[in-house]
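Trainee: sequence first, then the predicted structure, then my questions.
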Amino acid sequence: MHGIPVSGGIAIGHAHLVSHARLEVAHYAVPAPQIDEEVARFDMALQTVRAELEELRTQIPLNAPQEFDAFLNLHLMILNDATLSTAPREIIAAAQCNAEWALKVQLDALLDQFDQIEDGYLRERKADVIQVVERVMKVLFGQPGYAPPANAGDEKNLIMVAHDLSPADVIQFKQHQFASFITDLGGTTSHTAIVARSLNIPSIVALHHARQLIRENELLIVDGTQGVIIVDPDPQALAEYKLRQHQWELERKKLKRLRNTRATTLDEVEVKLHANIELPDDIAGARENGAMGIGLFRTEFLFLNRDNLPGEDEQFEAYRQVVREMDGLPVTIRTYDLGADKQINGAVSTGTNPALGLRAIRLSLSEPQMFLAQLRAMLRASHYGKLGILIPMLMSLPEISQAMNYVALAKKSLEDRFIPFDRTVQIGGMIEIPAAALAINGFIDKLDFLSIGTNDLIQYTLAIDRTDDTVSHLYDPLHPAVLTLVAHVVKACNKAGKPIALCGEMAGDVELTRLLLGFGLRELSMHPARLLEVKQRVLTSKVRDIVPQVGKMLRTGDPEKLRTMLARLND
Ligand code: PEP
Ligand code: MG
């Protein structure tokens, strides 16, 4: 099977089927003699949740709004309805499968029915059904049932096979050590793919039918570099890929030797190679790979997979941890880029075009309390190291003024409480909307530094949804319009003496390193696993030779020619 390669390397292991994005559910056969036990396990889980909901009802404070009771009542009704309490028992028996899977099958059927409902109010009850099912699932996960096949227990040999995964799902994988993961949907710069890369395991997206065709526990080879899966390989293929896996590991080991080498070109041009991180714990990987700073901390991941919002103190601790662990090296922390494919508390995206909707700074400006809490937390952390604040998705100058007003308010509230912070903290903006790239001069005047987010810049320039696998083959970082925009922004910033970085996935693509150096970029931020390979390319490049070639590339509108020229540049 072929898909889009997301993260390189080779994994050999057993398939573990993952279900719907919201629920990670294993599917395994339960032998006939154990079916009654499995049904009993399901019944027990229902009873536990029933008791939990009843208990919650007794704990409602007297002054709580009446809706609380009605809400719990509704959840109890959903739980007791035969569609959830009886149908899964029948599925367990008929399909001889585990309880979680039966519940999942029934949930999917119900959700399909909900989608057909015309009444808006009733359609929205879908979320309640999901919440109730999730409660039951949680109980089931905690209860030992019929043990799945022995080797499935060893995470390191497991290849997660999913139809779709949200960034919130994948970030949870960080707590595991799976060998690899593959999905049917997704694009190469979707946030799901980005988090996958940070897991540093081979992964592939856009496989279309993998989830349907691959069976639980089947042996798989995942070639994350080529984007190829081999299902149930013969001994010859297995031996060949074991050899390739070994070679890949040797390459990685060799690269490790560059960890402490300065990233300078053959003609002594210094390049700052920084890391992108999603959670404070990613710092370890960044340091291991010799990152000289954090160019992008995607703080929105602190907001996912939880029922409440992280408060100012919790955020402060997280930001301070990063700043401290980077030990005086620069750390650029981005204000949350929530909305679109990263929704708080698993909410479904609203609006017809979520990527064009209330996202990133737009959401921040519409939620001042949440934004201010984050700004205060960042400012407080700035006292402990070198911290810059980065604002995502800027489109207009009034947005910058409004954001700056909030920064001033956050500073004032800290001053009033005598809480220390770095008064020279730099405020930067992300250039990821074509309008901002074209009107860059106005942005330069208002910000201390800029960073180009090519993942979104490409999405918006080419009108390609970065999460949509059906158009991912059209997603092209080498489109002349994209190159022109990036080069234009870099040139304008360099002319004005304004620091400019690039932190989209292009920064970590070693085939593009020389091109970006030729544009005049001297700071690239990428996921840690890419740092050493990019450094190796920097060390073998000569800017003086690159610049004229890149100039010619910018002048050609012919994609074929451009690719030939790129190959020559990388020779
Ligand atoms: C980008 O858009 O290039 C970027 C770095 O931000 P994100 O991938 O988080 O949208
Ligand atoms: Mg972006």
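Mentor: Structure's in. What do you need? Ligands and ions are numbered 1, 2, ... in the order given.
Trainee: hey, let's count contacts and neighbours off CA atoms from now on
Mentor: Will do.
Trainee: just give the number of residues close to whichever residue of the stretch 201-350 of the chain sits closest to ligand 1.
Mentor: Nearest residue of the stretch 201-350 of the chain to ligand 1, counting by CA to the nearest ligand atom: residue 298, 6.3 Å away. For residue 298, the number of neighbouring residues by other CA atoms under 10 Å comes to 20.
Trainee: correct me, but it touches residue 338?
Mentor: No - shown here, residue 298 and residue 338 do not form a contact pair, counting by CA atoms under 8 Å, at 9.7 Å.
Trainee: tell me who's in contact with the residue of the stretch 201-350 of the chain closest to ligand 1.
Mentor: By CA atoms under 8 Å, 6 or more residues apart in numbering, residue 298 lies in contact with 276-279, 333-337.
Trainee: residue 251 now?
Mentor: Neighbouring residues of residue 251 by CA under 8 Å, 6+ apart: there are none.
Trainee: pLDDT below threshold where in the stretch 301-450 of the chain?
Mentor: Applying pLDDT under 70 to the stretch 301-450 of the chain flags residues 345-351.
Trainee: ok and the residue in it nearest ligand 1?
Mentor: With CA to the nearest ligand atom as the measure, the residue in the stretch 301-450 of the chain that lies nearest ligand 1 is residue 432; the distance is 5.9 Å.
Trainee: which bits of this structure sit near ligand 1?
Mentor: Taking CA under 6 Å from any ligand atom, the part of the chain that reaches ligand 1 is made up of 432, 453-456, 503-504.
Trainee: now those residues as TSV including secondary structure and distance to residue 96?
Mentor: What follows is the residues of the chain next to ligand 1, written out as TSV (DSSP: H, G, I helix; E, B strand; the rest coil; distance: CA to CA, whole Å):
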residue	secondary structure	distance to residue 96
432	coil	50
453	coil	49
454	helix	48
455	helix	44
456	helix	45
503	coil	49
504	coil	46
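Trainee: tell me the most packed of the contacts of residue 298, by neighbour count.
Mentor: residue 276 (30 neighbours).
Trainee: what about the residue of the stretch 301-450 of the chain closest to ligand 1, neighbour count?
Mentor: Considering only other CA under 10 Å, residue 432 is surrounded by 25 other residues.
Trainee: that one reaches residue 457, doesn't it?
Mentor: Yes - using CA under 8 Å, residue 432 is in contact with residue 457, at 4.2 Å.
Trainee: now do the helices in the stretch 51-200 of the chain.
Mentor: 67-80, 82-85, 87-95, 99-116, 120-124, 126-142, 167-172, 191-199 (DSSP state H, counting those that start in this stretch).
Trainee: which helices and strands does the third one pack with?
Mentor: Packing contacts for helix 87-95, counted by 3 or more CA pairs under 8 Å, 6 or more residues apart in numbering; DSSP states H and E, involve helix 35-58, helix 99-116.
Trainee: now the last one: buried residues?
Mentor: Put plainly, it is helix 99-116. Using 16 or more other CA atoms under 10 Å as the test for burial, helix 99-116 gives 99-107, 110, 114.
Trainee: then the first one?
Mentor: Residues of helix 35-58 classed as buried under the neighbour-count rule (16+ other CA under 10 Å) are 35, 38-39, 41-50, 53, 57.
Trainee: and the furthest pair within these?
Mentor: Between all members of the buried residues of helix 35-58, the longest pairwise span (CA to CA) is found for 35 and 57 and amounts to 33.5 Å.
Trainee: mind checking how far the residue of the stretch 301-450 of the chain closest to ligand 1 is from residue 227?
Mentor: According to CA to CA, to the nearest Å, residue 432 and residue 227 sit 27 Å apart.
Trainee: want to throw the helices and strands packed on helix 87-95 into CSV with mean pLDDT?
Mentor: Written out in CSV, the entries for these read as follows (pLDDT from 0 to 100):
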stretch, mean pLDDT
helix 35-58, 91
helix 99-116, 88
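Trainee: so which of the ones you listed comes closest to residue 12?
Mentor: From these, taking CA to CA, the stretch that ends up closest is helix 99-116, at 25.2 Å.
Trainee: what's the offset of that closest one from the middle of its chain?
Mentor: Between the mean C-alpha point of helix 99-116 and the mean C-alpha point of its chain there is a distance of 26 Å (CA atoms, centre = their mean, to the nearest Å).
Trainee: just the closest residue of the stretch 101-250 of the chain to ligand 1, please.
Mentor: For the stretch 101-250 of the chain, CA to the nearest ligand atom, closest residue to ligand 1: residue 191, 6.2 Å.
Trainee: swap that for the chain, please
Mentor: For the chain, CA to the nearest ligand atom, closest residue to ligand 1: residue 453, 3.0 Å.
Trainee: that residue reaches residue 507, doesn't it?
Mentor: No - in terms of CA under 8 Å, residue 453 does not count as a neighbour of residue 507; the distance is 9.6 Å.
Trainee: which one's more surrounded, the two?
Mentor: Between residue 453 and residue 507, counting by other CA under 10 Å, residue 507 is the more crowded of the two (26 against 23).
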